[in-house]
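Undergrad: Need a 3D model of the sequence below.
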Amino acid sequence: MAEFVREVMTPGVVAVRPDASLVEAAQLMRAQDVGDVLVAGEHQVIGVLTDRDIALRAVADGVDPLTVSAQAVCTPRPVVVSPDDEVATAVELMREHSVRRLPVVEDGRPVGMVSLGDLALARDPGSALADISRAEPDSWPGAAPT
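TA: Numbering: from 1, shown residues only. Below is the predicted model:
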């Protein structure tokens, strides 16, 4: 069983500038097939922006997603882990803070993400969540084939 976050995390970072519009962030999420992006500036994590944040904190309020910045809608100062933290630490932080994803930060720089799906794949590969995490995403009408 994986012991450290670096063994289960998804390496690499999908990030937007703090002043990026919500449309830019959503387009990046679609292109990268992810449900969240880091909001980062000068190699520092400022926040996490999820597709749900865009829907509930912006679109549901009728704001123009072309004029609202990622920083204005993101969850600021997210809880983070280090690649050298134990997986159990990540699990406890997710539970304690009711989050599904944690940015992985090393020497102040974002280096990856660890999600509930990553943990399910590592700790319980036969679970329903692990199966869902392994599944290819559905496409939608008009989308380019993957």
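Undergrad: The residue most central in space within the chain and Asp51, how far apart?
TA: Centroid-nearest residue in the chain: Asp36, 3.8 Å away (criterion: C-alpha atoms, centre = their mean). As for Asp36, its distance to Asp51 is 7 Å (criterion: C-beta to C-beta, to the nearest Å). The C-beta positions use only the backbone N, C-alpha and C, and glycine is treated the same way.
Undergrad: Give the helix, strand or coil label for Leu121.
TA: helix (DSSP: H, G, I helix; E, B strand; the rest coil).
Undergrad: my read: it touches Thr10, true?
TA: No. Assessed by C-beta atoms under 8 Å, Leu121 is found out of contact with Thr10, at 10.2 Å.
Undergrad: neighbour count winner among the two?
TA: Ranked by neighbour count (other C-beta atoms under 10 Å), Leu121 and Thr10 place Leu121 first, with 18 against 15.
Undergrad: that older thread, contacting residues for the residue nearest to the centre of the chain?
TA: Val14, Met29, Val48, Leu49, Thr50, Asp51, Arg101, Met113 (C-beta atoms under 8 Å, 6 or more residues apart in numbering).
Undergrad: rerun at 7 Å
TA: Val48, Leu49, Thr50, Arg101 (C-beta atoms under 7 Å, 6 or more residues apart in numbering).
Undergrad: so where's this structure shaky on pLDDT?
TA: For the chain, applying pLDDT under 70 flags the ranges 1, 123-146.
Undergrad: Could you find the closest non-adjacent residue to Thr89?
TA: Spatially, and ignoring its direct neighbours in sequence, Thr89 is nearest to Val81 (6.4 Å; C-beta to C-beta, 6 or more residues apart in numbering).
Undergrad: and the one you found, bridged to which residues?
TA: Val104 (DSSP bridges).
Undergrad: right, and it touches Phe4 too?
TA: No. With contact defined as C-beta atoms under 7 Å, Val81 does not count as touching Phe4 (9.9 Å).
Undergrad: neighbour count winner among those two?
TA: Each of Val81 and Phe4 has its neighbours counted (other C-beta under 10 Å); Val81 has more, 24 against 16.
Undergrad: Tell me which residues touch the more buried one, please.
TA: Residues counted as contacts of Val81 (C-beta under 7 Å, 6+ apart) are Val5, Thr89, Ala90, Leu93, Leu102, Val104, Val114.
Undergrad: No further questions, thank you.
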